[in-house]
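Trainee: Below are the sequence and a predicted model for it; my questions follow.
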Amino acid sequence: MAPPARRRVPPTHALLPLLLLCVLFSSASAASAVLGIDLGTEYIKAALVKPGIPLEIVLTKDSKRKEAATLAFKPSRSQATDPEALPERLYGGDAIALAGRFPGDVYPNLKTLLGVDVGSEWAQEYQRRYPGLSMESMARNETLKQATVAFKSQVFDKTEAPFMLEELLAMELKNIKANADVTAGQGADITDVVLTVPAFYTAEEKRALELAADLAGLRVLGLISDGLAVGVNYATSRTFPSISDGAAPEYHLVYDMGAGSTTATLLKFQGRTVKDIGKRNKTIQEVQVVSSNWKKDLGGDAWNQLIVDDMVASFVDTPKIKALDVMPTHVWKNAKTIARLWKEAERMRQVLSANSQTSATLEGLFFEDVNFKYQLSRAEFEQLAIFQASQVSVPLVHALEAAGISVQQLNSVILHGGAVRTPFVQKHLEAVAGGPSKIRTNVNADEAAVLGAAFKAAGLSPSFRVKDIRADDTPGFDVHLRWTSDGKERAQKVFTRKSLIGPEKQVPFKAQEDFHLDLTQMVDDRDIPVLEISVSNLTASAAQLKDKYACTSANISTKLTMRLSPLDGLPEVLSGSVSCEVEATKEGGVMDNVKGLFGFGSKKAEGQEPLLEENSSEADTTSATLSTDPETSTSPSASTSTTDKASKPSSSTVVIPLSLTTRPLGLNLPIPVDQLTRVRTRLAKLDASDLARSRRAEALNTLESFTYRARDYITDPSFITHSTQETRNTLEQKLNEASEWLYGDGVDAKLRDFQDRLKELKGIVEPVLKRGEEASKRAGTIEKLNESLDQMKGMIKMVESSVEKAAEDAKQSAESEAAAAAAAASAASEAESSAPSEKNRDAEAEGDDELDDDPYSTTSTSAASTPESSETKDPAVIFPYNAADLSSLQSSYDAVSRWLEEKLSAQSQLGDHDDPVVLVGELEQKAGELQKVIRDVVVKNIRIPAQRKGKGPKAGGAGEGKKSKAKKGKQGKSTSTSASASASRDVDDGAETATATSTSTSISSSSGTTSSASGSSHSRDEL
């Protein structure tokens, strides 16, 4: 407890955890950002969620809301002279612009090649569209002799290994991450991400995408299908009828047609009332995938392919090309020609969505002297696409049929994707939906999926609290278990394409020997292996059950617990067990033995008696034992009861966990460690090369802009005033040399060369600019310093007056003390003569002391509090200054005055082009020194008296009057103790309130909120 009348101040170290929490919170705020990425075939979009930034689209470096899914390698000039130099990487529109010049190193639309074999039709079609690329195989499964797609770059050294497709995609994802870090703010490093995937992605595509994200430094929180992502975004701003109240759910179909594929996802939207914290209920929103269907080859690229085919046919039919005997196969092998035709086909298709006619003119096509003009109308385009147009409604119809939902039960068709803007696409959808009333464009056709993915990422992250939307996805394919038993191949379906992702499922087996299982996905009537499961201790465990517990083969059960992973929707095995039911007694039960082994068994067993209190009697112990635990009593009746109860048979289940080993199967197996290390090392080198190139470009731009600005200085009046003609001539010469060097040898210069040139020019310019700045500020700063000297001079006069007054007061005090001493001596002599009468009065007073003090009297309290109240009238008592204070002030004043006079005298001898002898910073420093001396003198002579917060009298003040020694016994001691305790409580309450108020204020300032005064009384308990 704090001493009376002393305010308790919380120690500084008590606030350190709070301050540390604030620092950690600010750091966590930067680290808690999450990202949603919509990985499309033609474009990549990203959305950021961060504290203070809810669902913001990540802009590219060109301030566009989407980035073209294209990567390019451009040869650098330094590669000609530096064998260690690496090419430059370009992304998005910059990469597309290089397709005509470097068709062998521009990689567009890589998504279509994820997880496919190099010999598949998808890889062959990609090679046909982009003939300039050198496609190679990357061995991934030596057993199946399968390989994925890789590319050999033309601008790297010939000995450079091919680039895996996942490695190229990782570069694009890392570029998106860099843009997101810029959007999030300085120092951000976003790693958590949710990616959208088509509903038809198998384990091979998903694993390839997860590898690319890992190489890009991203941690995948989850994969979400495109249709469900759009549905989540649709639900964020809507509330649906609650089925808990008997309402029917809503059915909406998301029709997503992008550049590479088309999917139709039927979603069920509904509300549900569930229990919340405590006894309250809350209504949540549920979005569930009911069914999905797709066309993997129907989309914008398919329309572009039709236009390119027609352009090639028209081109070879021109008279000049016919005369040269050029065939379509010759055109398709010319990479630059095809790249130009693809670019124009994309532009023309987009124009025809809003116009009825378009044309293109290509100069120098195939041959330098050949110009080709091509025209296409919307009617001609629709005629070209008549077959593809008939396939538009197929995914929608099949999705409804799979769910058993009719068009009449469908609430709406939500359009998403860029290709849905094609006029004949919407016409076919309207025909199937029964009119335009059910066709909705109430979501952003380009950004709904990425916003839904970002919302999903925020919901998965513990850093955010979002609207409670339960999104349930499905795998899209059936999952089978395949194994060999008794020499026969056996299969069992464990998940259907409509199974929900996440819930666990127990799968029973009759096997009692070690076995191997394969989990496969049924894709287009063929099994794709996903996971191999090996059980290694089943044989031994089954034998143990038979030998130790007398189990038979008939009652031994083997089970595996499986689920579709919430991360990527792929099947996984969580655990396995083998068990059987056995007959057991209470004494020898298997479960009791296991519990007893770990200390969880019954405390009523023999030899386990209750612990006794140290001071309890034997009778108390016996009573407690009997009343608390009759089974442990030594009486015969209790023993018999226990024996009868223990002998009653009971049934229990013996469970032995299985030892499981899993191994991925399929095309995209994990790559070897040495190969993974090589890939990561190459990516790191490319990142370092790009960073150095960026810094070099920045240094070049800085030097170039400085040369332009420095030329203006040469004719600037202020610069001329504060520089010599020689300095200006030198500067002009150096600027001419720098300009010539920039556009000559500087083209191939390194970063250090630019920095040295800039440093040399700044060494000429900055001293002149510094002199001009000093000259413009010097007069004002000198004026402020003189004001400080005037203040010091006034302070000196005041202190002089105070010292003189103190001396005069001391002299008068000495004279008064001498007179008082003389008067005291005279009074003493008179007192000796009147001693008998004084003794009589003392005796009377002593008799009065035998009476009790009046408890309601305030005499002693008033007397005790009078000096204190007079002391605390003024919050601060200023004592007279002394000679030392005067000396300190005078010496500082003289030193600064003398320094200023000397500096100004020396400065007056210099010209405007000379470096100043007195700087503005020095003048400000001297003014600060004067203010500090004044402040130190004033503060040193101010004392803040302590103020009591207690309400009662001083401790012991009421119980220690003028009493006899006998009267100071029990009563005096009791009174003093009571008063002291009362004062202590009052003072402690005051101190406690002050402490709580101080703590509450600290918390408020740290958290940025204002606490009410009424809450301060609880702050101490909360702390």
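Mentor: Thanks, I have the structure now.
Trainee: shouldn't Gln375 be in contact with Leu352?
Mentor: No: using C-beta atoms under 8 Å, Gln375 is not in contact with Leu352, being 11.4 Å away. C-beta here means a position set from N, CA and C on the backbone, and glycine is covered the same way.
Trainee: Which residues are in contact with each of these two?
Mentor: Thr358 (C-beta atoms under 8 Å, 6 or more residues apart in numbering).
Trainee: What mean pLDDT does the helix or strand harbouring Lys903 get?
Mentor: Assigned by DSSP states H and E, Lys903 belongs to helix 883-908. Across helix 883-908, pLDDT averages out at 91.
Trainee: Show me the shaky parts of the protein.
Mentor: Along the chain, segments meeting pLDDT under 70 span 1-31, 141-144, 584-649, 829-880, 943-1023.
Trainee: got the contact list for the closest residue to Ala33 other than its chain neighbours?
Mentor: Distance criterion C-beta to C-beta, 6 or more residues apart in numbering; nearest residue to Ala33, sequence neighbours excluded, is Lys50 at 3.8 Å. Residues in contact with Lys50 (C-beta under 8 Å, 6+ apart) are Ser29, Ser32, Ala33, Val34, Ala184, Ala188.
Trainee: Surely the fifth one is in contact with Leu48?
Mentor: What that stands for is Ala184. Yes: taking contacts as C-beta under 8 Å, Ala184 lies within contact range of Leu48: 6.1 Å.
Trainee: Spit out the residues that contact the two alike.
Mentor: Common contact partners of Ala184 and Leu48 (C-beta under 8 Å, 6+ apart): Ala33, Ile190.
Trainee: Next, count neighbours for Lys488.
Mentor: Neighbour count of Lys488, defined by other C-beta atoms under 10 Å: 7.
Trainee: ugh, typo on my part, it should be Tyr126
Mentor: When neighbours are counted by other C-beta under 10 Å, Tyr126 registers 19.
Trainee: Quick check: the gap between it and Met257.
Mentor: Counting by C-beta to C-beta, to the nearest Å, the gap from Tyr126 to Met257 is 20 Å.
Trainee: hang on, Ala229 packs against Ala449?
Mentor: Yes: with contact defined as C-beta under 8 Å, Ala229 counts as touching Ala449 (4.3 Å).
Trainee: Find the residues that touch each one of the two.
Mentor: Shared contacts of Ala229 and Ala449 (C-beta under 8 Å, 6+ apart): Asp38, Thr196.
Trainee: Have a look at those two and say which one is more surrounded.
Mentor: Ala449 (34 against 31).
Trainee: Please state the backbone phi and psi of that one?
Mentor: Per-residue torsions, Ala449: phi -70, psi -40 (degrees, to the nearest 10).
Trainee: show me what contacts it?
Mentor: Contact partners of Ala449, counting by C-beta under 8 Å, 6+ apart, are Asp38, Lys45, Thr196, Asp226, Ala229, Val230, Asn233, Asp256, His416.
Trainee: One more: Tyr130?
Mentor: Pro103, Val106, Pro108, Ala335, Ile338, Ala339.
Trainee: Confirm Arg470 sits in a helix?
Mentor: No: read with DSSP: H, G, I helix; E, B strand; the rest coil, Arg470 is strand and lies in no helix.
Trainee: Just give the closest residue to it, not the sequence neighbours.
Mentor: Nearest residue to Arg470 in three dimensions, chain neighbours excluded: Glu286, at 4.7 Å (C-beta to C-beta, 6+ apart).
Trainee: which residue ranges form the helices in the stretch 151-300 of the chain?
Mentor: For the stretch 151-300 of the chain, the helices defined by DSSP state H, counting those that start in this stretch occupy 165-184, 203-215, 226-235, 300-316.
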